[in-house]
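S.K.: just to be clear, the model below is a prediction. Sequence and coordinates:
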Amino acid sequence: MKLFAASLVLALGIGAAHAAPDAAALYQTHCASCHGSDRFGATGPALLPDNLGRLGKRGAEAVIGEGRAGTKMRGFRAVLDEQSIKALAAYVNAPPPTAPVWGRAQIEASRVLTPDLSAAKPVFSADPLNLFVVVEGGDHHVSIVDGDSFTPIYRFPSRFALHGGPKFTPDGRYVFFSSRDGWVTKFDLWTLKVTAEIRAGLNSRNIALSRDGRHVAVANYLPDTLVILSAADLSVEKIFDVADSNGKASRVSAVYQAPPRDSFVVALKDTPEIWEISTAAQPDPFSLRRIALTTPLDDFFFDPSYRHVLGAHQDGNRAIVVDLDSGREVATLPLAGMPHLGSGISWMRDGHLVMATPHLKDGKISVIDTTNWKVIAEIPTPGPGYFLRSHDNTPYAWADSSLSPQHRDEISIIDKQSLKVVRTLKPAPGKMTAHVEFDRSGKHALVSVMEKNGAVIVYDAATFQEIKRLPMAKPIGKYNVYNKITFSEGTSH
Ligand code: HEC
């Protein structure tokens, strides 16, 4: 009998060594407790293909083997062999066998409300309209910084991988964050407390707030929905199943607030339409207008009147101008090298309103005359970059070259009238440096060193002298309350 048991164990052992590892079973044993048995996430992030994105299989193998220092994600190299790690990396990068469901019932069940401790004034003495909200992607935290003294006044953990830019209520008191995995968080900047959270999707792109500050729209990649929440308590107001007129579903690339139009404008990934959703209380709240396009457009820039929107063509070489009043495409602009229109800014030059955009593939800033939609200049920069920022009170615009391996540490300062680069800064040699945001007055520019042991560096915006360096964990974005709620021309929204 003993002999029989021993040979059985031996036989099973040999069998397991030769068969391909059962990734689904390994996942349930080793991973489900933190990432959820459905892979939707729990204490750990969601492990679904759209969410993992650029990490891909290779990146996932490294994380599963090595773990991530300083987090609950430990390395599994001691427990799992190479084959099992590879199988798990492939498993989490493949779509689940049945399409994930995240409808009204799941969204509503995820909502968490914290009693709103009302306060008559902020719990700190700093100017509440000159705060900076700094998103630290390195360890998933948010810092609130006094924009006069440049001192951090509070730091708290965020949801995993915030993105899309926080949005503020018109009075500047509340800020809303969205996370990669679909969480929306409402934070009270006066009491420094989270007041509500809800998971509006499994993979979200960004959020927008309505003109009156009463509604939050959430753009989802998974599922194909646009979710509208009440800004007061994040309860669900409406869910749009996003599809073209023939019923073909589409992911939502992004949603934008268009205050002068009292609407949300929605970019669709898989269908040639722009959606405009009314946020006016009368006559029909959330009524939908479909604007037909010749091709899907993404990554929008709006002129300050919000009459025209520029969208990037998927070929990466063109932008198309749509007149939102007539619903017509009115111009096509040749913009080779993947324009990043979402980072576009505008200003007055020679009596004309111009807009400028960086490019993700080419080292240049394109300047466009919005009166005739012609490209009037291409300002060379050391390399391609993500962002461009200015302020009404400064003659300069600041651009990064963070996508260039050799010049990722350089910031180019451009004169908005001569369109010449007047200064190049290299605040942290060798380190990726990008994303500039001005303070309320426009006298200071804050620059991010986007490394785990990175920094936010405060510059005098006129002399380009460094004033202060605040250590931060990969500060991927920072947002000045005043500049955001006044829709400053120098920043994106
Ligand atoms: C004790 C909890 C825990 C367990 C068990 C766990 N993880 Fe994680 N995992 C995490 C956390 C937390 C993170 C996020 C780390 C960070 O902040 O970057 C993470 C991150 C990851 C990431 C990177 C996700 C991204 O988007 O960057 C992958 C891939 C991953 N885990 C796979 C696995 C696999 C596969 C297993 C099982 C073999 C596993 N994890 C087990 C907690 C866990």
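M.R.: Yes, it's here.

S.K.: give the bridge partners for Val252, please.
M.R.: Under the criterion DSSP bridges, Val252 forms beta bridges with Leu268.

S.K.: correct me if wrong: it contacts Thr271.
M.R.: No: counting by Cβ atoms under 8 Å, Val252 sits too far from Thr271 to count as a contact (10.2 Å). Yep, even glycine has a C-beta here, placed from its N, CA and C like the rest.

S.K.: neighbour count: those two, which is higher?
M.R.: Val252 (27 against 21; other Cβ atoms under 10 Å).

S.K.: please report the distance of that one from the ligand.
M.R.: 21 Å (Cβ to the nearest ligand atom, to the nearest Å).

S.K.: likewise for Val255?
M.R.: 23 Å.

S.K.: Pro152 too?
M.R.: Pro152 is 21 Å from the ligand, by Cβ to the nearest ligand atom.

S.K.: cool, Thr151 as well?
M.R.: Thr151 is 27 Å from the ligand, by Cβ to the nearest ligand atom.

S.K.: what's the local residue count around that residue?
M.R.: Thr151 - counted by other Cβ under 10 Å - has 11 other residues nearby.

S.K.: likewise for the one 4 residues further on?
M.R.: If you count neighbours by other Cβ under 10 Å, Arg155 ends up with 15.

S.K.: could you find the closest non-adjacent residue to it?
M.R.: Leaving aside its chain neighbours, Arg155 sits nearest to Ser143 (4.7 Å; criterion: Cβ to Cβ, 6 or more residues apart in numbering).

S.K.: bridging residues for the one you found?
M.R.: Where Ser143 sits in a bridge, its partners, by DSSP bridges, are Val134, Arg155.

S.K.: could you do Val321 as well?
M.R.: Under the criterion used (DSSP bridges), Val321 bridges to Leu310, Ala331.

S.K.: that one touches Asn372, doesn't it?
M.R.: No: under the criterion of Cβ under 8 Å, Val321 makes no contact with Asn372, lying 10.6 Å away.

S.K.: between those two, who's got more neighbours?
M.R.: Set Val321 next to Asn372 and count neighbours by other Cβ under 10 Å: Val321 wins out with 19 against 9.

S.K.: quick one, what contacts that one?
M.R.: His308, Val309, Leu310, Glu329, Val330, Ala331, Thr332, Leu333, Trp373 (Cβ atoms under 8 Å, 6 or more residues apart in numbering).

S.K.: quick check: the last one vs Gly490, distance?
M.R.: Spatial separation of Trp373 from Gly490 under the definition Cβ to Cβ, to the nearest Å is 21 Å.

S.K.: neighbour count: the two, which is higher?
M.R.: Gly490 (23 against 17).

S.K.: if I look at the more buried one, how far off is the ligand?
M.R.: 32 Å.

S.K.: now do Ala473
M.R.: Distance from Ala473 to the ligand, by Cβ to the nearest ligand atom: 11 Å.

S.K.: which non-adjacent residue is nearest that residue?
M.R.: Gly138 is the one closest to Ala473 (Cβ to Cβ, 6+ apart), at 3.2 Å.

S.K.: and that neighbour, what does it touch?
M.R.: Gly138 touches Glu451, Lys452, Gly454, Met472, Ala473, Lys474, Pro475, counting by Cβ under 8 Å, 6+ apart.

S.K.: so Pro260, which of the three states?
M.R.: helix (DSSP: H, G, I helix; E, B strand; the rest coil).

S.K.: now it. Nearest residue, chain neighbours left out?
M.R.: Closest to Pro260 by Cβ to Cβ, 6+ apart is Tyr306, at 4.8 Å.

S.K.: could you pull up the contacting residues of that neighbour?
M.R.: Ala258, Pro259, Pro260, Arg261, Val265, Leu324.

S.K.: let's see it at 6 Å
M.R.: Going by Cβ atoms under 6 Å, 6 or more residues apart in numbering, Tyr306 touches Ala258, Pro260, Arg261.

S.K.: the closest residue in space to the last one that isn't next to it in sequence and the ligand: what is the separation?
M.R.: Spelled out, it's Arg261. Distances taken as Cβ to Cβ, 6+ apart put Tyr306 closest to Arg261, at 5.3 Å, once the chain neighbours are dropped. From Tyr306 across to the ligand, the span is 35 Å (Cβ to the nearest ligand atom).

S.K.: backbone phi and psi for Tyr306, please?
M.R.: phi 60, psi 20 (degrees, to the nearest 10).

S.K.: again, but for Ala32
M.R.: phi -60, psi -30.

S.K.: neighbours of it, just the number please.
M.R.: 16.

S.K.: OK, contacts around it?
M.R.: Per Cβ under 6 Å, 6+ apart, neighbours of Ala32: none.

S.K.: tell me how many other residues surround the residue in the stretch 151-300 of the chain positioned nearest to the ligand.
M.R.: With Cβ to the nearest ligand atom, the shortest gap between the stretch 151-300 of the chain and the ligand falls at Phe160, namely 6.2 Å. Phe160 sits with 18 neighbouring residues when counted by other Cβ under 10 Å.

S.K.: didn't Asp299 look like it was pressed against Gly344?
M.R.: No: using Cβ atoms under 6 Å, Asp299 is not in contact with Gly344; the gap is 9.2 Å.

S.K.: quick revisit: by neighbours, which of the contacts of Tyr306 wins?
M.R.: Ala258 (23 neighbours).
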